[in-house]
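[1] sequence and predicted structure, then a few things I'm wondering about:
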Amino acid sequence: MTTPAARLVASTAAAATAVLLTGCGSDGARAGADDGVGVVAAFYPLQWAAERVGGDRVTVTSLTPPGAEPHDLELTPQDVGALSETDLLVYLEGFQPALDDAAAEAGDAAWDAGQAADLSLTADAHAHEGESEEEHAEHAGEEVPDPHFWLDPTRLADVGDALADRLAEVDPDGADTFRDGAAALRGDLEALDAEMAQGLSDCAVTTVVTGHDAFGYLADRYGLDVVGVSGLSPSTEPSPAQLAEISTLVRERGVTTVYTETLVDPAVAETVAEEAGVQTAVLDPLEGLTEESAGADYLEVMRADLATLREGQGCA
């Protein structure tokens, strides 16, 4: 769901990437610049973590604008300009394909948060756009790494610790600031984790049906079972047979709520809910913030998600 301003012709993106190579991989880090260490984050959770860890020693911008779906990111000339000037690119390999090639060529200036997050979960990619039913059947069950680690607060805390170390390499004089920022971030995330563990410890329904397969790490952390209507990318569309299968699962498992999402068209999830005769509620995968988000930052939105889940899953 990219905006027209975010779309680029492939040849333009390729040429822009070539411009990027000379900037991000250079040794001209601006650790002593008046505006601090320049950090470009791929999307919101990485932006938030970088701001918390870096404090006033970093200037953080996000490649994914507010309200845009980060899966669909395409590099604009303005994006490339920002990358060519930055000291550090914080991204997640495999999450935004348009960024991967640029990051691979950026050398030491690119830092993959997935290495610290331990992307240990996999998920069925579900729908394969453009495939016939026969081709889809052939690929059904294929699993790919699940990138949505930030919905487990403890994994995001691990990323914060590792990011502090990486920032200290760019700006050694700021090492204490980064270490303290990461420690404060971990404290907040561990408190959130404890709240979520308690709040989701006794739920009448443990199957969580969501718009796309983004909540695997949350489910794994708190003893739930998640079923995504779409695959890991919300742009994929399930077949009628898959929709019918999920609707049947909703009825059989006593699911009372199907969760739609921010930034994603709710139509497919609403179809499942209507077919199964259950209600819908909005559960935010925190891929980005909008004016409609149920909070001003990661912590507030996660707590809002916790309240939504407690009601929708019948938690005591």
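    Thanks, I have the structure now. Residues are numbered from 1 along each chain as shown.

[2] any regions of the stretch 201-316 of the chain where pLDDT drops low?
    Filtered on pLDDT under 70, the stretch 201-316 of the chain yields the residue ranges 233, 235.

[3] mind listing the strands in it by residue range?
    Under the criterion DSSP state E, counting those that start in this stretch, the stretch 201-316 of the chain contains strands at 207-210, 225-228, 257-260, 279-282.

[4] what does the stretch 1-150 of the chain give?
    With DSSP E, counting those that start in this stretch as the criterion, the stretch 1-150 of the chain has strands spanning 37-41, 58-62, 88-91, 110-112, 122-124, 143-145.

[5] closest to Ala219 out of those?
    Nearest of the strands of the stretch 1-150 of the chain to Ala219, taken as CB to CB: strand 122-124 at 10.7 Å. For the C-beta atoms, the positions are set from N, CA and C on the backbone; glycine is no exception.

[6] out of the strands of the stretch 1-150 of the chain, which is closest to Gly312?
    For the strands of the stretch 1-150 of the chain, proximity to Gly312 was assessed by CB to CB; strand 122-124 is nearest, at 20.9 Å.

[7] now the strands of the stretch 201-316 of the chain in CSV, with distance to Pro147 and mean neighbour count?
    Formatted as CSV, the entries for the strands of the stretch 201-316 of the chain read as follows, by distance: least, CB to CB, whole Å; neighbours: other CB atoms under 10 Å:
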stretch, distance to Pro147, mean neighbour count
strand 207-210, 15, 24
strand 225-228, 13, 19
strand 257-260, 19, 25
strand 279-282, 21, 15
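
[8] which stretch among these comes nearest Ala117?
    Ranking the strands of the stretch 201-316 of the chain by distance to Ala117, with CB to CB as the measure, places strand 225-228 first at 17.7 Å.

[9] neighbouring strands for that closest one, and are they parallel or not?
    As defined by DSSP bridges, the strand partners of strand 225-228 come to strand 207-210 (parallel).

[10] could I have the partner strand exported to PDB, CA atoms only?
    Written as PDB, here are the backbone C-alpha positions of strand 207-210 (Å, rounded to 0.1, in the frame of the first residue of the first chain):
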ATOM      1  CA  THR A 207      -6.000 -19.200  19.200                       C
ATOM      2  CA  VAL A 208      -5.500 -15.700  17.900                       C
ATOM      3  CA  VAL A 209      -6.700 -15.000  14.300                       C
ATOM      4  CA  THR A 210      -5.100 -11.900  12.800                       C
END
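
[11] any idea how far Ala123 is from Pro70?
    With the distance defined as CB to CB, to the nearest Å, Ala123 ends up 17 Å from Pro70.

[12] compare those two and say which is more crowded by neighbours.
    Set side by side, Ala123 and Pro70 show unequal neighbour counts under other CB atoms under 10 Å, the larger going to Pro70 at 22 against 19.

[13] nearest residue to that one in space, ignoring adjacent ones along the chain?
    In this structure, Pro70 finds its nearest non-sequential neighbour in Phe43, 3.9 Å apart by CB to CB, 6 or more residues apart in numbering.

[14] circling back: export the strands of the stretch 201-316 of the chain to CSV and tack on distance to Ala49?
    Listed next are those as CSV, based on distance: least, CB to CB, whole Å:
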stretch, distance to Ala49
strand 207-210, 23
strand 225-228, 23
strand 257-260, 24
strand 279-282, 24
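
[15] between these, which one is nearest to Pro172?
    Evaluated with CB to CB, the strands of the stretch 201-316 of the chain place strand 225-228 nearest to Pro172, the distance being 41.8 Å.

[16] list the contacts of the residue nearest to Arg166 when sequence neighbours are not counted.
    Using CB to CB, 6+ apart and skipping the chain neighbours, the partner closest in space to Arg166 is Trp111 (5.2 Å). Trp111 sits next to Leu88, Leu89, Val90, Tyr91, Leu163, Arg166 when contact means CB atoms under 8 Å, 6 or more residues apart in numbering.
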